[in-house]
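Undergrad: Requesting a structural model of the entry that follows:
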Amino acid sequence: MRTTSTNPNDCRCKNCQALLAKHDRDGLSIRRGDMQTTVTGADFTVAVTCYRCKTLNVLASPRKPTPTPTSALPRATAA
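TA: As a prediction, this is how the structure comes out:
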């Protein structure tokens, strides 16, 4: 019986749970046979077709809220 990892860095197929990629501090790594690719950067979206069941999976970097610039905040006025 095959067991699936619950590692939060594993990106698995939403249909069959096949391991598609791993996400770590270096980026998103996809490896299949001799082919390997790494996607880096803070903001990315990658579409991956599962090698096992052919389901399209969309993998996206975690989005961090954009900080509000202090100049956009209303200024308090003295009365």
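Undergrad: tell me which element residue 36 falls in.
TA: Element membership of residue 36, judged by DSSP states H and E, is strand 35-39.
Undergrad: Give me the sheet partners of that strand and which way each runs.
TA: If you go by DSSP bridges, strand 35-39 pairs up with strand 27-32 (antiparallel).
Undergrad: Residues contacting the strand it pairs with, please?
TA: 11, 20-23, 36-41, 44, 46, 48, 51, 59, 61 (CB atoms under 8 Å, 6 or more residues apart in numbering). Quick note: C-beta positions are derived from backbone N, CA and C, even for glycine.
Undergrad: swap the cut-off to 10 Å and go again
TA: 9, 11, 19-23, 36-41, 44, 46, 48, 51, 59-61 (CB atoms under 10 Å, 6 or more residues apart in numbering).
Undergrad: hmm, back to that, which residues outside the strand holding residue 36 are in contact with it?
TA: Taking CB under 10 Å, 6+ apart as the rule, strand 35-39 contacts 21-24, 26-31, 45-46, 59, 61.
Undergrad: Next: stretch 51-67.
TA: Contacts for stretch 51-67 (CB under 10 Å, 6+ apart): 11-21, 23, 27-28, 30, 32-33, 39-50.
Undergrad: starting at the chain centroid, how far to it?
TA: 5 Å (CA atoms, centre = their mean, to the nearest Å).
Undergrad: Going forward, count from 55.
TA: All set: I'll call the first residue 55, so the last point we hit is now stretch 105-121.
Undergrad: helix/strand/coil for residue 105?
TA: Recorded secondary structure, residue 105: coil (DSSP: H, G, I helix; E, B strand; the rest coil).
Undergrad: Can you report how many residues lie near it?
TA: 13 (other CB atoms under 10 Å).
Undergrad: for the one 4 residues further on, same thing?
TA: The number of residues packed near residue 109 is 14, by other CB under 10 Å.
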